[in-house]
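Participant: Structural data only, the sequence is not supplied:
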């Protein structure tokens with residue numbers, strides 16, 4: 001598994017109408033089960049880096065199994081939704097915004113938690129694998145690229161605030 005990805009070079013990458021459609025159409029297919037799919041996304045990341053659970057304050061002292069943890073479910077949903085939203089924003093405005101205060105908060109939280117490039121890379125891999133498993137009948141290299149670009153832009157926006 002290769003996890004290296006250059007997030008610093010995403011600015012200026014055009015996001016086509018077709019790429020947006022790939023993300024939005026697959027998102028629409030996943031909507032009915034998005035909570036379970038989003039949770040699978042994080043569980044997959046934790047399979048790769050089990051120690052990453054320590055990066056989440058709400059998981060450190062929790063006795064609740066990961067797959068039942070409501071805060072993890074909410075966080076996973078948030079990341080999944082933000083990635084999908086970034087695709088729409090890229091097409092409309094050419095950049096990702098979560099709201100300046102939110103991006104500043106996300107950046108500060110990620111710094112405080114000790115999140116490094118490897119964590120972002122593993123999440124990218126886990127996201128793409130999860131989507132591939134969720135909608136295998138739609139999956140193609142173009143969809144992988146579209147979701148990857150949307151995620152890369154979201155991460156770049158967070159990293160700017162780190």
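Facilitator: Done, it's in. Given the structure is predicted, the values throughout are model-derived calculations rather than measurements.
Participant: Now the closest residue in space to residue 25 that isn't next to it in sequence: which helix or strand?
Facilitator: Distances taken as Cβ to Cβ, 6 or more residues apart in numbering put residue 138 closest to residue 25, at 7.1 Å, once the chain neighbours are dropped. For the C-beta atoms, the positions are set from N, CA and C on the backbone; glycine is no exception. Secondary structure assignment for residue 138, by DSSP states H and E: no helix or strand.
Participant: next helix or strand past the lowest-mean-pLDDT helix or strand in the chain?
Facilitator: With mean pLDDT, DSSP states H and E as the measure, the helix or strand of the chain carrying the lowest mean pLDDT is helix 100-113 (a mean of 65). Toward the C-terminus, helix 100-113 is succeeded by helix 117-134 as the next helix or strand (DSSP H and E).
Participant: Run through who's touching the helix or strand where residue 24 lies.
Facilitator: Residue 24 is part of helix 17-30, with elements assigned from DSSP H and E. Counting contacts by Cβ atoms under 8 Å, 6 or more residues apart in numbering, the residues outside helix 17-30 that touch it are 34, 37, 84, 87-88, 90-91, 131, 134-135, 138, 142-143, 145-147, 149-150.
Participant: Would you mark the buried spots in that helix?
Facilitator: 19, 20, 22, 23, 26, 27, 30 (16 or more other Cβ atoms under 10 Å).
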